[in-house]
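Asks: okay, predicted coordinates and the sequence, questions at the end:
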Amino acid sequence: SQKIEQNSEALNIQEGKTATLTCNYTNYSPAYLQWYRQDPGRGPVFLLLIRENEKEKRKERLKVTFDTTLKQSLFHITASQPADSATYLCASRYSSASKIIFGSGTRLSIRP
Amino acid sequence: GAVVSQHPSRVICKSGTSVKIECRSLDFQATTMFWYRQFPKQSLMLMATSNEGSKATYEQGVEKDKFLINHASLTLSTLTVTSAHPEDSSFYICSAREEGDQPQHFGDGTRLSIL
């Protein structure tokens, strides 16, 4: 069955460093990968979408990559700040019409 | 950016009550809307997918008679939890998506507590 996994349940890093979160998928080839931020008691907020024919996408301090050979997406936050602390979810879609499958999330903590 | 409004944000009611949750896409037309349930420290669990004007498609294990979904227009979907019991207490989140390869956008969730 289609699976998407975020290997780290939690990640703690020092303020100012780059946070790198990993998302791996198995048994299928998604057309899109999306990354969301979720704060406690709130709904997920869309951050970035990357298509299978794109290798990299950037938005301000955020960067996401899509490696179809490794079946992996990496999400980077450069110059991390305590305000970046949240749970980050990756999600994949097989096609434009299909539902998305969520990873279990990585809880990122940035310490001052 | 795309905004999805979900209302109410919190509901506390007695067992046996039916509760309706509304989800609106404010600045785009949502051909597809989704309803999720989230347990503490877990990821989102898809309950059902609905397309405007047609019946919702429920995920395996989700009771369609318990969780009634209506998607009457391109900007509004409702989830009604019928005869709610304490085990239905949870965080319910709606999501909406335009046609094509646009991303899904989420509401801010409804915390439902059944006493």
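Replies: Happy to help now that I have it.

Asks: nearest residue to the middle of chain B?
Replies: Centrality entry for chain B: nearest residue to the mean C-alpha point is B:Trp35, 3.5 Å, by CA atoms, centre = their mean.

Asks: what sits closest to it if chain neighbours are left out?
Replies: Using CB to CB, 6 or more residues apart in numbering or on different chains and skipping the chain neighbours, the partner closest in space to B:Trp35 is B:Met47 (4.6 Å). C-betas here are computed from N, CA, C, even on glycine.

Asks: where does the one you found fall, secondary structure wise?
Replies: In this assignment (DSSP states H and E), B:Met47 forms part of strand B:44-51.

Asks: for A:Arg42, see how far away the residue nearest to the centre of chain B is.
Replies: According to CB to CB, to the nearest Å, B:Trp35 and A:Arg42 sit 17 Å apart.

Asks: then B:Ala2?
Replies: Computed as CB to CB, the B:Ala2 to A:Arg42 distance reads 16 Å.

Asks: re the thing from before, wait, what's in contact with the residue nearest to B:Trp35?
Replies: B:Trp35, B:Tyr36, B:Arg37, B:Tyr58, B:Glu59, B:Val62, B:Phe67, B:Leu79 (CB atoms under 8 Å, 6 or more residues apart in numbering or on different chains).

Asks: doesn't A:Leu74 fall inside a helix?
Replies: No: secondary structure assignment (DSSP: H, G, I helix; E, B strand; the rest coil) places A:Leu74 in strand, not in a helix.

Asks: OK, contacts around it?
Replies: A:Leu74 sits next to A:Thr20, A:Leu21, A:Thr22, A:Cys23, A:Val64, A:Thr65, A:Asp67 when contact means CB under 8 Å, 6+ apart.

Asks: so in terms of bridging, what pairs with the spatially closest residue to the fourth one that is not a sequence neighbour?
Replies: Meaning A:Cys23. Counting by CB to CB, 6+ apart, A:Cys90 is the residue found nearest to A:Cys23 once chain neighbours are left out, at 3.5 Å. Residues in a beta bridge with A:Cys90, per DSSP bridges, are A:Trp35.

Asks: for chain B, see how far away A:Cys90 is.
Replies: Applying CB to the nearest CB, to the nearest Å, the value for A:Cys90 to chain B is 10 Å.

Asks: count of neighbours near that residue?
Replies: For A:Cys90, the neighbour count with other CB atoms under 10 Å in any protein chain shown is 28.

Asks: and chain B, which of its residues are near chain A?
Replies: By the rule CB under 8 Å from any CB of the partner chain, the part of chain B lying against chain A is B:1-2, B:4, B:6, B:34, B:42-44, B:46, B:49, B:91, B:93, B:95, B:100-101, B:103-109, B:111.
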